[in-house]
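>>> Kindly return the folded structure for what I paste below:
(2 chains)
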Amino acid sequence: MPTTSAKTTQLMSINMGPQHPSTHGVLRLILEMDGETITRAVPDIGFLHRGVEKLAEYKTYHQFIPLTDRLDYVAPFSNNLAYALAVEKLIGVEIPERAQHIRVMLCELTRISSHLLWLATHALDIGAMTVFFYCFRERETLYDVFEMVSGSRMNLSYIRVGGVARDLPGGFLKSVEKFVTEFPSKLNEYETLLKDNPIWKKRTIGVGSISPEDAIDYGLSGPSLRGSGVNWDVRKAEPYSAYDKYDFDVPLGTHGDVYDRYRVRIEEMIQSNRIVKQALNILPKGDHITHVPNVALPAKEAVETNMESMIHHFKLITDGICPPKGEVYSCVEAPKGELGFYIVSDGSSRPYRLKIRPPSFVNLEALPKMVEGRLLPDVVAVIGSLDIVLGEIDR
Amino acid sequence: MNNDLIITLIKSSLPEAIIGYHEFRGELTFVVKKEQITQVAEFFKKNTELDCSYLSDLCGVDKVETEGIFEVVYHLYSIRKKHRVRLKVPIPAGNPTVSTVTDIWRTANWHERETYDMFGIRFQGHPDLRKILMPEDFEGHPLRKDYPIHGRQPATLRNVYRKDEA
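As a prediction, this is how the structure comes out:
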């Protein structure tokens, strides 16, 4: 038995979750406590396991897209994009420029919406109620925007292999423009509530620190890594879609604590807003999806009026896309970090093996390192600062 | 570092450990002998030219039916040099064991647990090789190709829930 401090005689095990509001889903933590101090933390995951990787082996490449929405369900565009990029790399197909920019614009709006949800719940966990209402107000506007473009609010499945499902609807750009113009002032409201708030700072500064070396060793990515000052962002390091045409900064922290991760995400929202603004200006005209016949479906009007298009549509739906034999790994900077898809193809219409590299899964692994030796309330702050979504952890 | 330079470096430094290599869509893959994986992984991390301090992903692939092997696939990345390399270790299906790389990258811990859970590949020297996603009393390894997609788990789980179902 581990030694205990003078005042106590034995360690106590506390079970936190899987039903607990601050675990952001179905995360279970087994905490060994010496009084108020945590001596050991063991995460227990898998409660939301649906066998997504197994299902992928039984679906055609297009059929799998809706399942990607259900990984990190607060950032569906990023998941769609990461998957589509992997399949496109496997096939080796070029994407029209307009589609590239639409993808960037929507992914950055998704980043804002995902970070808003994080800020709302993270602040609520620590006891700041008002932030929650403010953030959900803006998130609601964004969900209206997503609904315009895809028809649904949460599981969007808007991105297709080869482009996006349909062109942007009328009035969409106006709504986005309204949002990006107003958002900075809304962001200032959140800042007045938290940035210099003494209670917030006491709960977050110096809590859950991790050094840059440890962060890399544990495989952290996204804001959780950059909070420790490691300058690595997939959008900059390996630009995909049209990110190399955009001007934006990568915010960094210094101490790797909860407060720095909070600052990084707030700054990221400002940068994302900047990117969307640029996207509105440079969005070119053209096709929203490629015309490569064995990848993209023909236009709906053509299917209804033209026999060849109908046969084409039928063939592609029944046979699916058949990429060449090979394997690819492709990743994007999702709101939580590096989201990667590893696809092994045997030349048939279904993936032979599909592996998802979810950022939350890897980030959560570092949780014991961050909380051991600290107090129980710090666990709540650290979980919030890692911004995990159990949908992609358990898959 | 571009792929050609990496190939030259590996060919000269680790000729014994590498079975082969190939490139597809600009991605470089080395096939590594099972016995030498720790040595190769360590080289990729410690060598200043390669500098693969970041293990992006680690997973298994079932190729039992076609080649009689499982593959363990490592995706390495260098944050400083910005290159990616894939390592693949074929292991015989009859005795699916391979050395752990948790001493080299701590992030490998959960990835290896998942690979063990999904494929039954045992990582020798792993500090805590337990199932991670499936329940404790789950039987079998669901991502193996011979594991059926339809059906219910056998008796042990049915005693806990879905008692009335056939």
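>>> sec struct for the residue in the stretch 1-150 of chain A that chain B sits nearest to, please.
When scored by C-beta to the nearest C-beta, the stretch 1-150 of chain A has A:Gly46 as its residue closest to chain B, at 3.9 Å. Just so you know, the C-beta spots here come from the backbone N, C-alpha and C atoms, and that holds for glycine as well. Here A:Gly46 is recorded as coil under DSSP: H, G, I helix; E, B strand; the rest coil.
>>> Name the nearest residue to it, sequence neighbours excluded.
Excluding the flanking residues, the one nearest A:Gly46 by C-beta to C-beta, 6 or more residues apart in numbering or on different chains is B:Leu133, at 3.9 Å.
>>> likewise A:Arg357?
Using C-beta to C-beta, 6+ apart, the closest residue to A:Arg357 is A:Gly340 (3.6 Å).
>>> and the gap between the residue most central in space within chain B and B:Thr48?
By C-alpha atoms, centre = their mean, chain B has its centre lying nearest to B:Val72, at 2.9 Å. Separation of B:Val72 from B:Thr48 (C-beta to C-beta, to the nearest Å): 26 Å.
>>> Then A:Ala242?
Distance from A:Ala242 to B:Thr48, by C-beta to C-beta: 34 Å.
>>> more crowded one of those two?
Set A:Ala242 next to B:Thr48 and count neighbours by other C-beta atoms under 10 Å in any protein chain shown: A:Ala242 wins out with 20 against 7.
>>> For the nearest residue to that one once chain neighbours are set aside, the count of nearby residues, please.
Nearest non-adjacent residue to A:Ala242, counting by C-beta to C-beta, 6+ apart: A:Gln100, 4.1 Å away. For A:Gln100, the neighbour count with other C-beta under 10 Å is 21.
>>> pretty sure A:Gln100 is touching A:Asp244, no?
No: the pair A:Gln100 / A:Asp244 is not scored as a contact, 10.4 Å apart, by C-beta atoms under 8 Å.
>>> about what we covered before: the residue nearest to A:Gly46 sits in which helix or strand?
B:Leu133 belongs to no helix or strand when elements are defined using DSSP states H and E.
>>> Can you name the residues that contact B:Glu49?
B:Met1, B:Leu5, B:Leu9, B:Lys81 (C-beta atoms under 8 Å, 6 or more residues apart in numbering or on different chains).
>>> Out of those residues, which is nearest to A:Asp144?
Among these, B:Lys81 lies closest to A:Asp144 (C-beta to C-beta), at 43.5 Å.
>>> and that closest one, how far is that from A:Val207?
33 Å.
>>> got the residue ranges for the strands in the chain?
I went with chain A, as the question did not name one. Taking DSSP state E as the test, the strands found in chain A are A:12-16, A:28-34, A:37-44, A:159-160, A:163-164, A:326-334, A:337-345, A:353-357.
>>> Chain B was what I was after
Going by DSSP E, chain B shows strands at B:18-24, B:27-32, B:54-63, B:69-77, B:84-92, B:97-99, B:122-124.
>>> Verify the contact between A:Lys89 and A:Ser345 for me.
No: using C-beta under 8 Å, A:Lys89 makes no contact with A:Ser345, being 10.9 Å away.
>>> burial of the residue nearest to A:Leu55 when sequence neighbours are not counted, as a residue count?
Spatial nearest neighbour of A:Leu55, chain neighbours left out: A:Leu67 (6.3 Å); criterion: C-beta to C-beta, 6+ apart. When neighbours are counted by other C-beta under 10 Å, A:Leu67 registers 21.
>>> hang on, A:Leu67 packs against A:Lys54?
No: with contact defined as C-beta under 8 Å, A:Leu67 does not reach A:Lys54; the gap is 10.9 Å.
>>> ok so, going back, okay, B:Lys81 and A:Val207: which has more neighbours?
Taking neighbours as other C-beta under 10 Å, B:Lys81 and A:Val207 compare with A:Val207 leading, 21 against 14.
>>> That one: what's it in contact with?
Counted by C-beta under 8 Å, 6+ apart, A:Val207 has contacts A:Asp257, A:Val258, A:Tyr259, A:Arg374, A:Asp378, A:Ala381, A:Val382.
>>> okay, the fifth one: pLDDT?
Here, the pLDDT recorded for A:Asp378 equals 90.
>>> give me phi/psi at the closest residue to it other than its chain neighbours?
Leaving aside its chain neighbours, A:Asp378 sits nearest to A:Val207 (5.1 Å; criterion: C-beta to C-beta, 6+ apart). Dihedral pair for A:Val207: phi -100, psi 140, per degrees, to the nearest 10.
>>> Please report the distance of A:Val207 from chain B.
21 Å (C-beta to the nearest C-beta, to the nearest Å).
>>> swap in A:Lys336?
14 Å.
>>> Can you report how many residues neighbour the closest residue to A:Asp144 other than its chain neighbours?
Of all residues not flanking A:Asp144 in the chain, A:Ser175 sits nearest, at 7.3 Å (C-beta to C-beta, 6+ apart). Using other C-beta under 10 Å, A:Ser175 has 16 neighbouring residues.
>>> pretty sure A:Ser175 is touching A:Met148, no?
Yes: counting by C-beta under 8 Å, A:Ser175 touches A:Met148, with 6.5 Å between them.
>>> hey, what's in contact with both of those two?
With C-beta under 8 Å, 6+ apart, A:Ser175 and A:Met148 have no common neighbours.
>>> now, which of the contacts of B:Glu49 lie within helices?
B:Leu5, B:Leu9 (DSSP state H).
>>> Low-confidence bits of the chain, can you list those?
You didn't say which chain, so I picked chain A. Counting by pLDDT under 70, chain A shows low-confidence ranges at A:1-8.
>>> Hmm, no, I was thinking of chain B.
B:153-166.
>>> Please list all residues in contact with the closest residue to A:Met12 other than its chain neighbours.
Leaving aside its sequence neighbours, A:Met12 sits nearest to A:Met33 (C-beta to C-beta, 6+ apart; 4.8 Å). By C-beta under 8 Å, 6+ apart, the contact list for A:Met33 reads A:Leu11, A:Met12, A:Ser13, A:Ile14, A:Thr39, A:Leu376.
>>> Flag every residue of chain B that's near chain A.
For chain B, the contact set with chain A under C-beta under 8 Å from any C-beta of the partner chain comprises B:24-25, B:27, B:29, B:53-57, B:59, B:61-62, B:73, B:75, B:79, B:82, B:84, B:86, B:105-107, B:109-110, B:118, B:131-135, B:142-143, B:147, B:149.
>>> And the buried ones among those residues, selectable in ChimeraX?
To isolate the buried ones among those in ChimeraX, judged by 16 or more other C-beta atoms under 10 Å in any protein chain shown, type:
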select /B:27,29,53,54,55,56,57,59,61,62,73,75,79,84,86,105,106,107,109,110,118,131,132,133,134,142,143,147
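>>> Contacts made by stretch A:71-84 with the rest, please.
Taking C-beta under 8 Å, 6+ apart as the rule, stretch A:71-84 contacts A:52, A:64-65, A:68-69, A:103, A:106-107, A:109-111, A:113-114, A:117, A:154-162, A:241, A:330-332, A:334-336, A:339-341, A:356, A:358, A:360, A:389, A:391-392, A:395.
>>> again, 7 Å this time
A:52, A:64-65, A:68-69, A:103, A:106-107, A:110, A:114, A:117, A:154-161, A:330-332, A:334-336, A:339-341, A:356, A:358, A:389, A:391-392, A:395 (C-beta atoms under 7 Å, 6 or more residues apart in numbering or on different chains).
>>> Now it - C-alpha only, PDB.
The C-alpha coordinates for stretch A:71-84 follow below in PDB (Å, rounded to 0.1, in the frame of the first residue of the first chain):
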ATOM      1  CA  LEU A  71     -17.100  11.200 -34.000                       C
ATOM      2  CA  ASP A  72     -16.500  14.700 -32.700                       C
ATOM      3  CA  TYR A  73     -20.100  15.700 -33.000                       C
ATOM      4  CA  VAL A  74     -19.500  19.300 -32.100                       C
ATOM      5  CA  ALA A  75     -17.200  19.800 -35.100                       C
ATOM      6  CA  PRO A  76     -18.700  17.600 -37.900                       C
ATOM      7  CA  PHE A  77     -17.100  19.600 -40.800                       C
ATOM      8  CA  SER A  78     -13.600  18.900 -39.700                       C
ATOM      9  CA  ASN A  79     -14.300  15.200 -39.400                       C
ATOM     10  CA  ASN A  80     -15.900  15.200 -42.900                       C
ATOM     11  CA  LEU A  81     -13.000  17.000 -44.300                       C
ATOM     12  CA  ALA A  82     -10.300  14.800 -42.700                       C
ATOM     13  CA  TYR A  83     -12.000  11.800 -44.100                       C
ATOM     14  CA  ALA A  84     -12.600  13.300 -47.600                       C
END
